[in-house]
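>>> here is a sequence with its predicted model. Questions after.
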Amino acid sequence: MDAYYEFSVRPNITAACDVILANCYPYWESCHIDYSLMHAKQMYYQALHAGQGKKVIITETGWPSQGTGLGDAQPSMENALRYFLNMQQWSAQEDIEMFYFSSFDEAWKVGAEGDVGAYWGLWDARGNLKF
């Protein structure tokens with residue numbers, strides 16, 4: 001399991017894989033929410049192309065609901081919900097296996113990912129559904 005682009009730049013590792021497990025985060029690439037679904041699709045198809053016919057599973061994707069923005073990528077409840085719904089609809093229509101990250105907000109992730117690290121969950125840290 002790794003970032004989607006690693007399968008393109010490391011063909012020997014990709015060749016050894018039976019299944020491509022790709023993390024796809026348009027947010028971390030400063031993508032505006034309006035283009036996030038298109039960018040996520042490009043990430044997926046890049047991994048699919050690198051895998052040369054191997055199954056690709058999106059093992060992580062998501063959008064933070066609050067925190068400091070990254071370029072054109074802005075965390076908000078509205079953007080997190082929009083991204084979630086777009087990804088769910090696309091994956092269902094195209095029969096793409098996907099794991100959404102994350103179930104719950106995780107306060108401990110603030111250090112490594114900045115203040116957005118704590119806000120990727122569909123539920124808050126107390127177990128309350130956000131949407």
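All right, it came through fine. Bear in mind the structure is a predicted one, so any value in this text is a computation, not a measurement.

>>> which residues of the protein fall in helices?
Here the chain has its helices, by DSSP state H, at 6-9, 11-16, 36-51, 77-94, 110-113.

>>> identify all contacting residues around the lowest-mean-pLDDT helix or strand in the chain.
Every helix and strand of the chain was ranked by mean pLDDT, DSSP states H and E. The lowest is helix 110-113, at a mean of 84. Residues outside helix 110-113 that contact it (CB atoms under 8 Å, 6 or more residues apart in numbering): Gly117, Ala118. (Each C-beta comes from the backbone N, C-alpha and C, glycine too.)

>>> how much space between Trp108 and Pro64?
According to CB to CB, to the nearest Å, Trp108 stands 15 Å off from Pro64.

>>> over to Met87?
Remark: distance between Met87 and Pro64 (CB to CB) = 14 Å.

>>> just Ser36 next, same as before
Counting by CB to CB, the separation of Ser36 from Pro64 is 12 Å.

>>> neighbour count winner among these two?
Legend: neighbour count by other CB atoms under 10 Å for Ser36 and Pro64, higher for Pro64 (30 against 23).

>>> doesn't Gly114 make contact with that one?
No - look at Pro64 against Gly114 with CB atoms under 8 Å: they stay out of range, at 9.5 Å.

>>> now do the buried residues in stretch 57-74.
If you call a residue buried by 16 or more other CB atoms under 10 Å, then stretch 57-74 has these buried ones: Ile58, Thr59, Glu60, Thr61, Gly62, Trp63, Pro64, Ser65, Gly67, Leu70, Ala73, Gln74.

>>> now it: average pLDDT?
Averaging pLDDT along stretch 57-74 gives 98.

>>> and for stretch 44-54?
The average pLDDT within stretch 44-54 is 96.

>>> residues in contact with that stretch?
Residues from elsewhere that reach stretch 44-54 (CB under 8 Å, 6+ apart): 4-5, 7-8, 11, 14, 17-20, 22, 24, 56, 58, 96.

>>> hmm, which of those residues are the buried ones?
Using 16+ other CB under 10 Å as the burial test, those include Tyr4, Tyr5, Phe7, Thr14, Cys17, Ile20, Ala22, Cys24, Val56, Ile58, Ile96 as buried.
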